[in-house]
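Novice: Here's a sequence, model it:
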Amino acid sequence: MHTGFIGLGSQGGPMAQRIIDSGRDVALWARRPESLVPYAETTARIVGSPKELGATCEIVCLCVVSDDDVLEIASEPDGVLSGMGPGGIIVVHSTVHPDTCRRLAAAAHDVGVTVVDAPVSGGGRAAQARSLLVMVGGDDDAVARCMPVFSTYGNPVVHLGELGAGQTTKLLNNLLFTANLATAVDTLELGSELGVDTERLAEVITHGTANSFALGRIASAGGTLDRIAAHAGNLLRKDVGLVEAIAGANRTHGDVVIDTAHATLRRMETRS
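Specialist: Here you go, the predicted structure:
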């Protein structure tokens, strides 16, 4: 099955490489020519536009940054949909609002194309190790067709329900991670006030029942939010805002985790 990939950054690049390594026919396009340099001596085909990529591929994976990027690359006059034929599938690996995937699906439906959302978690190293967590939403048949591609970089790959379910799940994961950062750093700071060495406290907790991925990130950064704030603060702020928008003002659950996530974001702002 011919597969296209757009979005060759620190996350998408290793994913695309894993598809290439699997022996599949792969086409690549990028806005910046320098992004394509690492693939010059691979079997991947470099194409001149998203339209050309759509015209030559049955599955096109998008791993770009924003909602606007997804819609622009897929739907603009020279976008993927302008070249893709009936039966094609666009996979949205980006972390975006579920409604963005639904808007794209409505446009894709007019030309017989299906959209699957499949945000990922784990980073480039996980992609290289074929251990990315892939959270999938979409039609059963379309998801089944994509599974051989997903399996080149993902394990586990979890089909969560209809279109948008993958995005909602990824955003909830990021919301809880953001909240866990505040509780982790606050615990380490409290321990320091009580005379417990921060590094030793983190070592103990990572082997105890209170361990979390967030605590590990805090510990590896010297017990502060500084490094995470610099590298991921804006993305976490975006994702918390998306969850709040999806849940709406009339939600009956989520106060604790949302309030705690905002505590993390406030701490990050004081360090920026």
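Novice: Surely I73 forms part of a helix?
Specialist: Yes. The assignment for I73 (DSSP: H, G, I helix; E, B strand; the rest coil) places it in a helix.
Novice: what helices or strands is the longest strand belonging to the chain leaning on?
Specialist: Using DSSP state E, we find that the single longest strand of the chain is strand 154-161. In terms of contacts (3 or more C-beta pairs under 8 Å, 6 or more residues apart in numbering; DSSP states H and E), strand 154-161 is packed against strand 132-137, helix 140-150. For the C-beta atoms, the positions are set from N, CA and C on the backbone; glycine is no exception.
Novice: what's around the residue nearest to E203 when sequence neighbours are not counted, how many residues?
Specialist: Once flanking residues are discounted, E203 sits nearest to A219: 7.6 Å by C-beta to C-beta, 6 or more residues apart in numbering. A219: 19 surrounding residues under other C-beta atoms under 10 Å.
Novice: Now A219: which helix or strand?
Specialist: Using DSSP states H and E, A219 falls within helix 213-220.
Novice: buried sites along that helix?
Specialist: A214, L215, R217, I218, A219 (16 or more other C-beta atoms under 10 Å).
Novice: Would you mind checking which of these is nearest to A27?
Specialist: Nearest to A27 among these, counting by C-beta to C-beta, is R217 at 35.6 Å.
Novice: Return the distance of that closest one relative to G112.
Specialist: The gap separating R217 from G112 is 43 Å, by C-beta to C-beta, to the nearest Å.
Novice: helix/strand/coil for the most far-flung residue of the chain relative to its centre?
Specialist: Most distant residue from the mean C-alpha position of the chain: G195, 39.3 Å away (C-alpha atoms, centre = their mean). Following three-state DSSP, we place G195 in the coil state.
Novice: Show the pLDDT at T270.
Specialist: What the model reports for T270 is a pLDDT of 73.
Novice: Report the contact partners of S66.
Specialist: By C-beta atoms under 8 Å, 6 or more residues apart in numbering, S66 lies in contact with S94, V96.
Novice: ditto for the one 10 residues further on
Specialist: With C-beta under 8 Å, 6+ apart as the criterion, the residues that contact E76 are P50, S82.
Novice: what sits against G87?
Specialist: G87 neighbours (C-beta under 8 Å, 6+ apart): E58, G112, V113.
Novice: related to what we said a few turns ago, neighbouring strands of the longest strand of the chain in the sheet, and parallel or not?
Specialist: When sheet partners are counted by DSSP bridges, strand 154-161 sits next to strand 132-137 (parallel).
Novice: gap between the partner strand and the chain center?
Specialist: With C-alpha atoms, centre = their mean, to the nearest Å as the basis, strand 132-137 stands 9 Å off its chain's centre.
Novice: ok, now stretch 166-181?
Specialist: In terms of C-alpha atoms, centre = their mean, the centre of stretch 166-181 is set 11 Å apart from its chain centre.
Novice: Next: stretch 208-226.
Specialist: 21 Å.
Novice: what sits up against it?
Specialist: Contacts for stretch 208-226 (C-beta under 8 Å, 6+ apart): 177, 180-181, 183-185, 187-189, 192, 198-199, 202-203, 205-206, 227-228, 264, 267-268, 271.
Novice: List phi and psi for D25.
Specialist: With angles defined as degrees, to the nearest 10, D25 sits at phi -80, psi 120.
Novice: Tell me which residues touch it, please.
Specialist: Contacts of D25 (C-beta under 8 Å, 6+ apart): M1, H2, T3, T43, R45.
Novice: Only whichever of the residues you listed are buried, select them in PyMOL.
Specialist: In PyMOL, this line selects whichever of these come out buried by 16+ other C-beta under 10 Å:
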select buried, resi 3+45
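Novice: who's in contact with A232?
Specialist: Counting by C-beta under 8 Å, 6+ apart, A232 makes contact with nothing.
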